[in-house]
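Colleague: Coordinates for the following, if possible.
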Amino acid sequence: MRFASHIGIFVFLCAFSVRADWVAWSDGKKWEGKIELGSSDAVVSLHDGTQLHTWKLSEITSIDFSPATQSMERAWTFVDAGKTTKKMEGNPYPTMELQAIVTRPNGDTLRGHLITTSLYLSDPRGVKKLLLPYKLRGQEGQRFDDLVYVRKIAFGSQSLTYSEESGGNRLLITLLGCPGKAKFGAVSCSKMEEAAVVRMDGNDFRVNINGGNVVVAVWLDGKIWVGWRGAAPTASRTRIEAGLSNLRDFFDDRRLLATSADPLDETTYYTLILFSRTGKTTSDTQASQPWHLEVCKWRLGAETSDVTLVSRCILLRDLRSPNDPLPAVVFSSKLKTVDALHDGMSVDVRETDSE
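Modeller: Numbers count the residues shown, from 1 in each chain. This next block holds a predicted model:
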């Protein structure tokens, strides 16, 4: 299957380098300044499922957040006192639980549930309070994409490039010739940051993304075209598959679609994985089963069993009905050539060959 499309990208960027702490949000905003805890004896606490770990801010370099669970819920009341029959009220609203990855100065990482924490960011305009909750709750009628959360906090970043207006590399991306509304997604593997993409009008999108080694995807009519580069040795892929089988999260179906090795670090690998939920969810809407197409970063140690999922970024996501098929993922030779988003760039998907 082919479709006619042309992607024109125009970059409006006012960038400079600073040394600062910074916060990147899921909707593309970015704050920077000096980040502190509320008191000198306060700490950041994370529970890894077995034990509680605590650090001072000086002992960590970054914290990454991503959805661990997502569900559509509704308010309810008991019909009769003393009985378990419930009466549902109002429209469904989205909820999301966040997992955190804390990175130490030596590169070690730890994944788990960050205990709700308040940080304070100071800049020339004043002080902002930054609440990091474990669970988010949206409003009735909203979707998961409407929930805004902190994606990354970096402490003492030396070369932060950001847009004066929006806090990221602000691009206007237009998909031309698509017979319907397409969706666009991008992830920077070098930064392990997903693009914040907002549809403007038709197939025009506002995109905020930082970093290179970019994986891009276009979704239309049940099919996703992905630009993926490289491959991992069979032995490394087998180890990653074993690590993936031991992963415990909200999803119960995990399909490893592609792998690649980091050319600068023989212990680091990237994967393209289609995560989906096939089991029961708390949503009573028709489209109740979430799926994510994610780019994941792995670190393989010296021992065969030493496989660590370092971070994960969402390339595209949506909800489907239980009987609907998952989107088909096709690897595009044209999109494969895209490793950065820059001024004047265009990609003609019309001439794409599937791999």
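Colleague: count of residues packed around E303?
Modeller: Neighbour count for E303, taken as other CB atoms under 10 Å: 8. All C-beta spots, glycine's among them, are computed from the backbone N, C-alpha and C.
Colleague: Which of the three states applies to G243?
Modeller: helix (DSSP: H, G, I helix; E, B strand; the rest coil).
Colleague: State the distance from it to V307.
Modeller: Between G243 and V307 the computed distance is 3 Å (CB to CB, to the nearest Å).
Colleague: And for G126?
Modeller: Taking CB to CB, one finds G126 at 45 Å from V307.
Colleague: same question, M96
Modeller: For M96 relative to V307 (CB to CB), the value is 26 Å.
Colleague: Surely L326 touches W291?
Modeller: Yes. At 5.9 Å, L326 and W291 qualify as touching, with contact defined as CB atoms under 8 Å.
Colleague: which residues do G243 and V307 both contact?
Modeller: Overlap of the contact sets of G243 and V307 (by CB atoms under 8 Å, 6 or more residues apart in numbering) consists of W298.
Colleague: Bridged to the nearest residue to V127 once chain neighbours are set aside, which residues?
Modeller: Nearest non-adjacent residue to V127, counting by CB to CB, 6 or more residues apart in numbering: Y120, 5.6 Å away. Note on Y120: beta-bridge partners by DSSP bridges are E36, K129.
Colleague: need the contact list for Y120.
Modeller: Y120 touches 35-38, 127-130, counting by CB under 8 Å, 6+ apart.
Colleague: Kindly report the same for F250.
Modeller: With CB under 8 Å, 6+ apart, F250 has these contacts: 67-70, 97, 277, 290.
Colleague: again, 7 Å this time
Modeller: 68-70, 277 (CB atoms under 7 Å, 6 or more residues apart in numbering).
Colleague: list the helices and strands the helix or strand harbouring L309 packs on?
Modeller: Element membership for L309 (DSSP states H and E) is strand 307-320. Other helices and strands packing on strand 307-320, by 3 or more CB pairs under 7 Å, 6 or more residues apart in numbering; DSSP states H and E, are strand 183-188, strand 193-194, strand 214-220, helix 234-245, strand 289-300.
Colleague: mind checking which of the ones you listed is nearest K334?
Modeller: strand 214-220 (10.2 Å; CB to CB).
Colleague: State the next helix or strand along the chain beyond that closest one.
Modeller: That would be, after strand 214-220 and using DSSP H and E, strand 223-226.
Colleague: before we move on, back to that, more neighbours: G126 and V307, which one.
Modeller: Taking other CB under 10 Å, G126 and V307 do not tie; V307 has more neighbours (19 against 8).
Colleague: Let me know the pLDDT of the more buried one.
Modeller: On pLDDT, V307 comes in at 92.
Colleague: Could you do A232 as well?
Modeller: At A232, the predicted lDDT confidence score is 92.
Colleague: all strands for the stretch 51-200 of the chain, in order.
Modeller: Along the stretch 51-200 of the chain, the stretches classed as strands by DSSP state E, counting those that start in this stretch are 52-55, 62-78, 86-103, 109-114, 117-123, 126-132, 135-137, 150-157, 169-176, 183-188, 193-194, 196-201.
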